[in-house]
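1. build me a model:
(chains A and B)
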Amino acid sequence: MKRSLGLLAVIVFSLISFVASAQPTLRIAVAANFSSALKQIAAQYTKDTGQVISITVSSSGTLYAQILHGAGFDIFFSADMSRPNALVEQGIITRDDVYVYALGKLALVSSNPSTTLYTISDTLTNGNKLAIANPKLAPYGVAAKEALTGVKQWDNVSSRIVTGKNVLQAFQFFTTGNATAAIVAQSLLYETTADKASMFYAPIPEHVHAAIKQGVAITATDRQYKSAARFVDYVLSDAIQSQLSFMGYKPVVCDKHCGSTTSMMVKQ
Amino acid sequence: MIDQNVVDAILLTVKLATITSVLLVVITTPLAWWLSRWHHSAKPAVLSFLSLPLVLPPTVLGFYLLIAFSPQSIVGEGYAAVTGQTLAFSFEALVIGSVIYSFPFALQPLYSGFMSFDARYLDVARTMGYRRFDAFFNVVLPLCRSSFAVAFGLSFAHTIGEFGVVLMIGGNIPGETQVLSIALYEHVEALEYTIAHKVSLILLAFSFVTLFGLYWLNNKRGAV
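-> Numbering: from 1, shown residues only, chains lettered A, B, ... in the order given. Prediction:
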């Protein structure tokens, strides 16, 4: 009896010490458009460092509201700068916790090979629809509206526009065949498993819309802050940033391959 | 105090809920009656099938409707051939989606009501010379009144609160597919909490008044 009690104590204590020594999981919240890229980056990071990461995907607005009301995320990858900045204004984090981690790129997809941004209204005849992300909610929606306004097409097509809650839904309207064309994040075209045979891509020049800055906020408390900051450093590292350019984003931190004009770490 | 968009959304929501509930009661009444009189080993399977809209998450149901509405599918193609328009992102699409989504909410109360209906009343009516349809309208309808009220009320309330299906097939067009729940979601996501609280309050108050009116009326008549 005494011996088995002792054995039990040994087992219990070794279990406790095992749990205590294990690195706590890093909890990351990410906006839908960046989730696929982040999952790849996180898998690589876990392989390299052993740090276990759990990822929650939702819209920036939902995640912002959750963090504001005490959700225990350590890092928040938003689709824009306004949500991380709003957290600063609310006093949840400080300005030093916010970084730009990627610049989004727009793309026009259409089921008609001759569609361009400048002639988009020619494609939208017979009740055909153009899908964009909701400009009120999504930075890619704001940029899409700016781009259409920039090439003087907004007034021609505004009655033909349907909006998705985010850029993923706008793309879904297109891939299911319900919208003839869509203005989406270029990153989606790299990830999609949709049939590419009837999907035609037209680039959108960067000068027709404001840069789509995507911001990350370190929302961790003291104990987890260091490992959260380490992961953000990793995402901002040259190696990862140059990978981002193959995922449909423009890097914010560049090595020699990205050209000399981009500054080092873009501080908010 | 309330901007035009919210007013439009309220009117659109009421229109959608009214059309949906009326259609549902019209469609499910003969179906529920037939089911309540039908005895067959396949009956549980049919009842299960008709209750399936309860199971699928609304956004998933909406996703399949989106695929069905596509001009590449039979449904979407047929609609385009007749009207020259795409079905998705239209008010008609919302009506179809809502009818499917709220179907069990209309069918169940009517089915239970008809099941507990005492068939001897009908026999008496028939012996008094009532024809089949007259007997149904003059005997079954008044006696099962509360079931109809519940079926209509639940369909109406369920359609008012419908979100996932509309989100998937609506495309958020103000005045055409932007119902109140979508407008509300947009305000919440855009961090416009003040107006969101206001719209929520309107939604709750309106739904309460409607349902209260319906149940109160039913209760009062039942007591007489």
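
2. show me what from the stretch 1-150 of chain A comes close to chain B.
-> When proximity is defined by C-beta under 8 Å from any C-beta of the partner chain, the stretch 1-150 of chain A lies next to chain B at A:59, A:61-62, A:64-65, A:86, A:126-129, A:131, A:134, A:136-137. Where C-beta positions appear, they are placed from N, C-alpha and C, glycine not excepted.

3. what subset of the residues you listed is buried?
-> Neighbour-count burial (16 or more other C-beta atoms under 10 Å in any protein chain shown) applied to these gives A:Ser59, A:Gly61, A:Thr62, A:Tyr64, A:Ala65, A:Ala86, A:Asn128, A:Lys129, A:Ala131, A:Asn134, A:Leu137.

4. next SSE after the host helix or strand of the fourth one?
-> In other words, A:Tyr64. Assigned by DSSP states H and E, A:Tyr64 belongs to helix A:60-68. Later in the chain than helix A:60-68, the nearest helix or strand by DSSP H and E is strand A:75-77.

5. partner strands of that following strand, with direction?
-> Sheet partners assigned to strand A:75-77 using DSSP bridges are listed as strand A:26-31 (parallel), strand A:212-218 (antiparallel).

6. and the furthest pair within the buried ones among the residues of the stretch 1-150 of chain A next to chain B?
-> Greatest spacing in these, by C-beta to C-beta: A:Ala86 and A:Asn128 (36.9 Å).

7. circling back: which neighbouring elements make contact with the helix holding A:Tyr64?
-> Helices and strands touching helix A:60-68, by 3 or more C-beta pairs under 8 Å, 6 or more residues apart in numbering or on different chains; DSSP states H and E, are strand A:26-31, strand A:75-77, helix A:82-89, helix B:180-189.

8. dump the ones you listed into CSV; add mean pLDDT and distance to B:Gly213 as well.
-> Output for those, formatted as CSV (pLDDT from 0 to 100; distance: least, C-beta to C-beta, whole Å):
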stretch, mean pLDDT, distance to B:Gly213
strand A:26-31, 94, 43
strand A:75-77, 97, 45
helix A:82-89, 94, 41
helix B:180-189, 90, 19
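
9. picking up where we left off before, so which of the strands paired with strand A:75-77 gets nearest B:Ser181?
-> Checking the strands paired with strand A:75-77 against B:Ser181 by C-beta to C-beta gives strand A:26-31 as the closest, at 22.4 Å.

10. can you give me the neighbour number for B:Asn218?
-> Using other C-beta atoms under 10 Å in any protein chain shown, B:Asn218 has 18 neighbouring residues.

11. my read is that it contacts B:Ala149, right?
-> Yes: using C-beta atoms under 8 Å, B:Asn218 and B:Ala149 qualify as a contacting pair, with a distance of 4.1 Å.

12. give me the three-state assignment for B:Gly129.
-> For B:Gly129, the assignment made with DSSP: H, G, I helix; E, B strand; the rest coil gives coil.

13. rewinding a little: what's the farthest-apart pair in the residues of the stretch 1-150 of chain A next to chain B?
-> The span of the residues of the stretch 1-150 of chain A next to chain B, defined through C-beta to C-beta, is set by A:Ala86 and A:Asn126 at 42.1 Å.

14. any idea how far B:Gly161 is from the most centrally placed residue in chain B?
-> Ranked by distance to the mean C-alpha position of chain B (C-alpha atoms, centre = their mean), the top residue is B:Ser155 at 3.7 Å. Here the criterion is C-beta to C-beta, to the nearest Å. By it, B:Ser155 lies 11 Å from B:Gly161.

15. and A:Lys145, how far is that from chain B?
-> 14 Å (C-beta to the nearest C-beta, to the nearest Å).

16. and the closest residue to that residue other than its chain neighbours, how far from B:Glu176?
-> Leaving out its chain neighbours, the residue that sits closest to A:Lys145 by C-beta to C-beta, 6 or more residues apart in numbering or on different chains is A:Pro135, at 4.5 Å. For A:Pro135, the distance to B:Glu176 equals 17 Å [C-beta to C-beta].

17. next: A:Lys145.
-> 19 Å.

18. ok and the residue in chain B nearest chain A?
-> Nearest residue of chain B to chain A (C-beta to the nearest C-beta) works out as B:Gly171 at 3.0 Å.

19. what residue ranges in the chain score low on pLDDT?
-> Answering for chain A, as no chain was given. Along chain A, segments meeting pLDDT under 70 span A:1-3, A:5-22, A:253-268.

20. wait, chain B
-> In the predicted model, chain B carries pLDDT under 70 at residues B:1-2, B:221-224.

21. number of residues surrounding A:Ser227?
-> 18.

22. now name the helix or strand holding it.
-> Per DSSP H and E: A:Ser227 is located in helix A:222-235.

23. buried stuff in the helix or strand following that helix?
-> Counting by DSSP H and E, the next helix or strand C-terminal to helix A:222-235 is helix A:238-244. Neighbour counts over helix A:238-244 (16+ other C-beta under 10 Å) mark A:Ile240, A:Gln241, A:Ser242, A:Gln243, A:Leu244 as buried.

24. and helix A:238-244, what does it pack onto?
-> helix A:32-49.

25. got a list of what the nearest residue to B:Thr210 once chain neighbours are set aside touches?
-> For B:Thr210, ignoring the flanking residues on the chain, the nearest one in space by C-beta to C-beta, 6+ apart is B:Phe156 at 6.6 Å. Applying C-beta atoms under 8 Å, 6 or more residues apart in numbering or on different chains to B:Phe156 gives the contacts B:Ala17, B:Thr18, B:Thr20, B:Ser21, B:Thr210, B:Leu211, B:Leu214.
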